[in-house]
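*Asks:* I would like to see how this sequence folds:
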Amino acid sequence: MAIVVMATACSSPQEEVFLPEPSVTTAEAQPPLTVPASSATTEATITAPSGEGDPSPPPDETSPSESGQTTATSTAVTTTPTTSLPSDASPPPELEEAPPTTRAAPPDSLRFVEVAHGAQNPIFLAASPGTDHSYLAEQGGRILYVLGDAIADQAVLDISEKVTYRGEQGLLGIAVHPVQPLRLFVHYSNLGGHTVVSEFSLSDDGRTADPDSERIIFFTQQPATNHNGGMIQFGPDGYLYLGLGDGGRAGDYYRHGQRPDTPLAALVRIHPDQVTSEVWWYGLRNPWRFWIDQPTGLTYIADVGQDAFEEISLAGLSERGLNFGWPITEGFHCFEPRQGCDPTGLTLPVLEIAHDDGRTCSVTGGVVYRGPAMPDLHGHYFYSDYCGGYLRSFRWDGSLAMDLREWAPDLGNVVSFGTDGRGEMYILTSDSVYRIEPG
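*Replies:* Numbering: from 1, shown residues only. Okay, the predicted model is just below:
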């Protein structure tokens, strides 16, 4: 029997539910990079840090290099960075302070229907457009066949013997080929803890994959057990995109953030047939989940922050070579150096979430909703946080994050999102899978 949880969106910060602070490292507030306030919107900027976040799912323990960090006060930055958008979109205002957002009147409620009972550590849900079944990945290494609300008795694929499953490692992402749906792509940490992206062949009915059909299309070594990224997704250009973190530990310890010649700290574009890859974007700390909105080509990157701020960046997929700033910036704030950083040429986020906002510690993206059940929410980007457990959304109007809403205060440890073949949206916690429906 499906379990239904009702939730109503909040329309102002005062209506948010705050839970006790997680046990994280504190950090001193930094003044943001500032932009002129727009006269057409009402400001609701999220500020003031307190804590260190790590990606979903969090590591088993904190590295010694990540403990006891403090953040020094930084100076405001007034140079104009570059933000990449599609050619038909309006550019954002000059970034002299964090962009304002607007909040809508309270919308209708949503309900969260628990499905796929029995999944263990669900990590991602994917499907081919138009199909009536989905594939549910478990971090331990199994991929399950989901039809309706139920999991089939037989797993589609079990590669647990090939997977290192601990902390932020494991089976981290799956994708189905958008044109040839009997091709299943898998991102996992191998027994050495390194990144592998492979293709497996599915049976004609899509219910099982041949474990002997594995074809590795991407491999890179990982220097640490955290910041391994996770997401893989096909873009409208037919390439497979992979998000990888900066190699782990803290403070860009391995110095990958500002290197466009390494696949770490980057969004990597993979040609699945030619088995070639290239760094498409860089300057990312740990893009655990990103989302390519197929109709627009806009890519929403939920990049996990460190001491104080989580961030969501937005760019047109056709723009190559973008630099998202890590470790020069964290959100709209200087990180390295702590004072007087120069964001010239950087693509700064469209939204930042401080660590004192609703127990925030590690942003979890996120999908742009395009399903048939809730047409009024088309174009809304939904996201959450591993510690905060809230469900929030905003709509990008070409220059600002508009119509910022909070739908639920605490769904648990949210690790991921997903969509089914109809485009309906799912949210995954560490132990449950929920389909999101109109209330």
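*Asks:* return the set of residues that bridge with residue 158.
*Replies:* For residue 158, the beta-bridge assignment (DSSP bridges) gives partners residue 142.
*Asks:* next, give phi and psi for residue 160.
*Replies:* In terms of degrees, to the nearest 10, the main-chain angles of residue 160 are phi -60, psi -30.
*Asks:* wait, it touches residue 142, no?
*Replies:* Yes - shown here, residue 160 and residue 142 form a contact pair, counting by CB atoms under 8 Å, at 6.4 Å. Yep, even glycine has a C-beta here, placed from its N, CA and C like the rest.
*Asks:* which of the two has more residues huddled nearby?
*Replies:* Between residue 160 and residue 142, counted using other CB atoms under 10 Å, the more crowded position is residue 142 (20 against 16).
*Asks:* from what I can see that one touches residue 152, true?
*Replies:* No - with contact taken as CB under 8 Å, residue 142 and residue 152 are classed as non-touching, separated by 11.6 Å.
*Asks:* list the buried ones in stretch 328-336?
*Replies:* Under the neighbour-count criterion of 16 or more other CB atoms under 10 Å, stretch 328-336 has 328, 329, 330, 331, 332, 333, 334, 335 buried.
*Asks:* from these, which ones fall inside strands?
*Replies:* Counted as lying in strands by DSSP state E, out of those, are 329, 330, 333, 334.
*Asks:* out of the residues you listed, which is nearest to residue 385?
*Replies:* Within the set of these, residue 330 lies nearest residue 385; the separation is 15.7 Å, counting by CB to CB.
*Asks:* may I have the residues that are in contact with that closest one?
*Replies:* With contacts defined as CB atoms under 8 Å, 6 or more residues apart in numbering, the neighbours of residue 330 are 285, 305, 306, 307, 308, 309, 311.
*Asks:* what's the neighbour count on the second one?
*Replies:* Okay, so that is residue 305. Around residue 305 there are 30 residues (other CB under 10 Å).
*Asks:* where's it relative to residue 355, distance?
*Replies:* 8 Å (CB to CB, to the nearest Å).
*Asks:* wait, residue 186 touches residue 143, no?
*Replies:* Yes - the pair formed by residue 186 and residue 143 meets the contact definition of CB under 8 Å, at 7.3 Å.
*Asks:* the more surrounded of these two?
*Replies:* Regarding residue 186 and residue 143, a neighbour count based on other CB under 10 Å identifies residue 186 as having more, with 25 against 22.
*Asks:* for that one, give me the pLDDT.
*Replies:* The model reports residue 186 with a pLDDT of 98.
*Asks:* so it bridges to which residues?
*Replies:* Judged by DSSP bridges, the bridge partners of residue 186 are residue 174, residue 198.
*Asks:* quick one, what contacts it?
*Replies:* Residue 186 makes contacts with 137, 143, 157, 159, 171, 173, 174, 197, 198, 199, 200, as judged by CB under 8 Å, 6+ apart.
*Asks:* ok, so of those, who is nearest residue 405?
*Replies:* In terms of CB to CB, no member of these lies closer to residue 405 than residue 173, at 26.9 Å.
*Asks:* name the nearest residue to residue 196, sequence neighbours excluded.
*Replies:* With CB to CB, 6 or more residues apart in numbering as the measure, residue 190 is the residue that lies nearest to residue 196, at 4.9 Å, once sequence neighbours are left out.
*Asks:* what's across from residue 242 in the sheet?
*Replies:* Here residue 242 sits in beta bridges with residue 232, residue 268, going by DSSP bridges.
*Asks:* so which residue is dead centre in the chain?
*Replies:* Of all residues in the chain, the one closest to the mean position by CA atoms, centre = their mean is residue 289, 2.4 Å from it.
*Asks:* what's the spacing between that one and residue 261?
*Replies:* Residue 289 sits at a distance of 25 Å from residue 261 (criterion: CB to CB).
*Asks:* equivalent analysis for residue 167, please.
*Replies:* For residue 167, the distance to residue 261 under the criterion CB to CB works out to 27 Å.
*Asks:* ok, those two, which is more surrounded?
*Replies:* Using other CB under 10 Å, the more surrounded residue of residue 167 and residue 261 is residue 167, with 18 against 8.
*Asks:* the more buried one is in contact with residue 227, isn't it?
*Replies:* No - taking contact to mean CB under 8 Å, the distance of 10.6 Å between residue 167 and residue 227 leaves them out of contact.
*Asks:* distance of residue 283 from residue 245?
*Replies:* Going from residue 283 to residue 245 by CB to CB gives 12 Å.
*Asks:* overlap in contacts of those two?
*Replies:* Among the neighbours of residue 283, those also in contact with residue 245 (CB under 8 Å, 6+ apart) are residue 265.
*Asks:* point out where this protein drops to low pLDDT.
*Replies:* Residue ranges of the chain with pLDDT under 70: 1-107.
*Asks:* run the last query once more with 50
*Replies:* Scanning the chain with the threshold set as pLDDT under 50 gives 1, 3, 5, 8-30, 34-96, 101-107.
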